[in-house]
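J.: model this:
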Amino acid sequence: MPVTATATALEALTRLRADHGPLILFQSGGCCDGSSPMCYPAGELLLGPNDLLLGEVDGCSFYIDADQYELVRLLAPSAGNVFAIGDPDQAIYSFRGGDVAYFLRFREDFTDPRVVRLTRNYRSAAPIIAAASQAIAPTSLVRGRRLEPARLEPDAPPLGLFPAATVAAEAQWVAATIDELVGGVSHRSFDGRVDSRAAGAEYAFPDIAVLYRTDAQAQAIVDALTAGNIPVQKRSHDRLANRRAVAAIAREVRFDTGATMVDRVRAVGRVLASGRPPLFEVDGAASAMLTESEVYSAVDLLLPLAARCEDLESFLQALSMGAEVDALDPRAQAVTLLTLHAAKGLEWPVVFIVGCEDGLLPLRFPGTEPDAEAVAEERRLFFVGMTRAQRRLFLSHAAKRTRSGGEVQHPRTPFLAPIDPGLLQHLGEAPRDDRPRHRQLRLL
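T.: Here you go, the predicted model:
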């Protein structure tokens, strides 16, 4: 039940809590999108009758704007409890209305909150944690921030840093490095197919993600990986529900009785492509007729989602929660490409962050200069990207890049400056023998 911070919404939520007890409030649209909070009963969770549980309120998966924050304050009585989870150093959605200031106001607006700090990191190797902590330190919103690795591995590799001459060279290096990680030429079979993991290889294609600041950076990477016979899945942020034919199929599929969701989507597609029945919008006005190609295109886009959904409820919920045309399939035997924003909440054994340049990180548009808060949020975005990596993290930057129709030269991102050189391996150069391996752990 989507709501906004109005008297009507407050009354509706109050009735829900009266009928169902404790509520869980979270953002619709997934970790990268959403326009309004949604509220569901807490079910069997051990919450009291006046308790309110919030998902990440730091501007991440659940971002808070002024109306939503006021709604939370109205819903939580003085005698009730508010349980909020979040990390202000991962607040990266100001462009969608999220404001990290509400997280920082929490202690002022709710009396004597108990703070539990989660300082142990179970995801990333020690060098990645150390480097990410150093990168965020200049503008960290967490006083005395400390992250400790759950495992100490003396042989954990340092971060790889590659300076490329051009965007094409950067993309070719990414492809060559991935090829090496998955076992080199041995993973190609005689009939041209690509196995996900070569014999003896430490990583498979689904273990690897390539992250970038803007979607425009993706094409060079896609071209290089395709040329290297490396399978790719790319997230496009094109929401399925925004397409007219998809919306029509979602309305009609409720009335089909096929055995599976795939059968139901196909059956509804055939009916709509034939021009029957007349389509109606929510307000009852007849819509323009859909073309046959429009309908079958929507069917093709919906079939992968339908195959992953066991029933109608999960299918419709996925659409309402922002399922995308190029939604990521964790089972796909492919390297994943997506923006840094879209990577929030995900993780991979191996992560590449390309375009680590001043102009992309932080992002600068021609003729403009970001203010201090904008640069701080860009640093948080870099921190989020770094902490997606479990075991290996590779960073790269290009000396020349085409932007806004012209070739520009940018130095590497200033966000690398706080990172101790002992945590970085400069790829393309001779190995440095003067750096003790155990020094990486001391840098924590």
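J.: list the contacts for Lys400?
T.: 165-167, 407-409 (C-beta atoms under 8 Å, 6 or more residues apart in numbering). Backbone N, C-alpha and C define where each C-beta goes, glycine included.
J.: Output these as CSV; include the columns neighbour count, pLDDT and distance to Ala398.
T.: Putting those into CSV (neighbours: other C-beta atoms under 10 Å; pLDDT from 0 to 100; distance: C-beta to C-beta, whole Å) gives the following:
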residue, neighbour count, pLDDT, distance to Ala398
Ala165, 10, 94, 7
Thr166, 15, 94, 6
Val167, 21, 95, 5
Glu407, 10, 81, 11
Val408, 13, 83, 10
Gln409, 10, 87, 9
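J.: Farthest pair within the residues you listed?
T.: The widest separation within the contacts of Lys400, taken as C-beta to C-beta, falls between Ala165 and Val408 and amounts to 14.1 Å.
J.: who's in contact with Arg388?
T.: Arg388 makes contacts with 209, 211, 343, 346-348, 351, as judged by C-beta under 8 Å, 6+ apart.
J.: Same check on Glu292?
T.: Counted by C-beta under 8 Å, 6+ apart, Glu292 has contacts Ala273.
J.: ditto for Gln217
T.: Residues in contact with Gln217 (C-beta under 8 Å, 6+ apart) are 167, 354-355, 360.
J.: circling back to that earlier point, what's the closest of the contacts of Lys400 to Pro88?
T.: Val408 (32.5 Å).
J.: Pull the number of nearby residues for Val82.
T.: By other C-beta atoms under 10 Å, 19 other residues sit near Val82.
J.: Contact partners for Gln409?
T.: Residues in contact with Gln409, defined by C-beta under 8 Å, 6+ apart, are 399-401.
J.: Beyond the helix ranked longest in the chain, next helix or strand please.
T.: The helix spanning the most residues in the chain, taking DSSP state H as the definition, is helix 292-308. Counting by DSSP states H and E, the element after helix 292-308 in chain order, helix or strand, is helix 312-320.
J.: Which elements pack onto that next one?
T.: helix 244-252, helix 261-273, helix 292-308 (3 or more C-beta pairs under 8 Å, 6 or more residues apart in numbering; DSSP states H and E).
J.: For Val182, which of those helices is the nearest?
T.: If we rank these by C-beta to C-beta, the stretch that ends up nearest is helix 292-308, at 23.9 Å.
J.: so for that closest one, what's the average pLDDT?
T.: Regarding helix 292-308, the rounded mean pLDDT is 83.
J.: Can you check which of the helices and strands packed on helix 312-320 gets nearest to Ala125?
T.: So among the helices and strands packed on helix 312-320, helix 292-308 is nearest, using C-beta to C-beta, at 31.2 Å.
J.: Quick one: the helices in the chain, in order.
T.: For the chain, applying DSSP H gives helices covering 7-20, 66-75, 101-104, 106-109, 126-136, 167-181, 218-227, 244-252, 261-273, 292-308, 312-320, 372-386, 439-442.
J.: what's the distance between the nearest residue to Gln172 once chain neighbours are set aside and Arg412?
T.: Nearest residue to Gln172 in three dimensions, chain neighbours excluded: Ala224, at 5.3 Å (C-beta to C-beta, 6 or more residues apart in numbering). Distance, Ala224 to Arg412, by C-beta to C-beta, to the nearest Å: 20 Å.
J.: More neighbours: the two, which one.
T.: Between Ala224 and Arg412, counting by other C-beta under 10 Å, Ala224 is the more crowded of the two (23 against 18).
J.: show me what contacts the more buried one?
T.: Ala224 makes contact with 168, 171-172, 174-175 under the criterion C-beta under 8 Å, 6+ apart.
J.: Out of the residues you listed, flag the one nearest to Gly422.
T.: Distances from Gly422 to the contacts of Ala224, taken by C-beta to C-beta, are shortest for Val174, at 24.4 Å.
J.: does the closest one really touch Leu395, like I thought?
T.: No - applying C-beta atoms under 8 Å as the test, Val174 and Leu395 come out as separate, 11.2 Å apart.
J.: joint contacts of the two?
T.: When C-beta under 8 Å, 6+ apart defines a contact, the residues bordering Val174 and Leu395 alike are Phe352.
J.: So which of the helices of the chain is the most surrounded?
T.: Neighbour counts (mean count of other C-beta atoms under 10 Å) averaged over each of these peak at helix 126-136, with a mean of 24.
J.: for that one, packing partners?
T.: Contact partners of helix 126-136 among helices and strands, from 3+ C-beta pairs under 8 Å, 6+ apart: strand 148-149, strand 159-164, helix 372-386, strand 389-398, helix 439-442.
J.: So which of those is nearest Gln134?
T.: Smallest distance to Gln134 across these (C-beta to C-beta): 10.0 Å, for helix 372-386.
J.: which helices and strands sit right next to the closest one?
T.: With contacts defined as 3+ C-beta pairs under 8 Å, 6+ apart, helix 372-386 has these neighbours: helix 126-136, strand 348-353.
J.: The shortest one pairs with which strands, and in what direction?
T.: Translated: strand 348-353. strand 208-212 (parallel), strand 389-398 (parallel) (DSSP bridges).
J.: Dump those strands to a markdown table, plus mean pLDDT and distance to Asp112.
T.: What follows is those, written out as a markdown table (pLDDT from 0 to 100; distance: least, C-beta to C-beta, whole Å):
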| stretch | mean pLDDT | distance to Asp112 |
| --- | --- | --- |
| strand 208-212 | 96 | 40 |
| strand 389-398 | 97 | 37 |
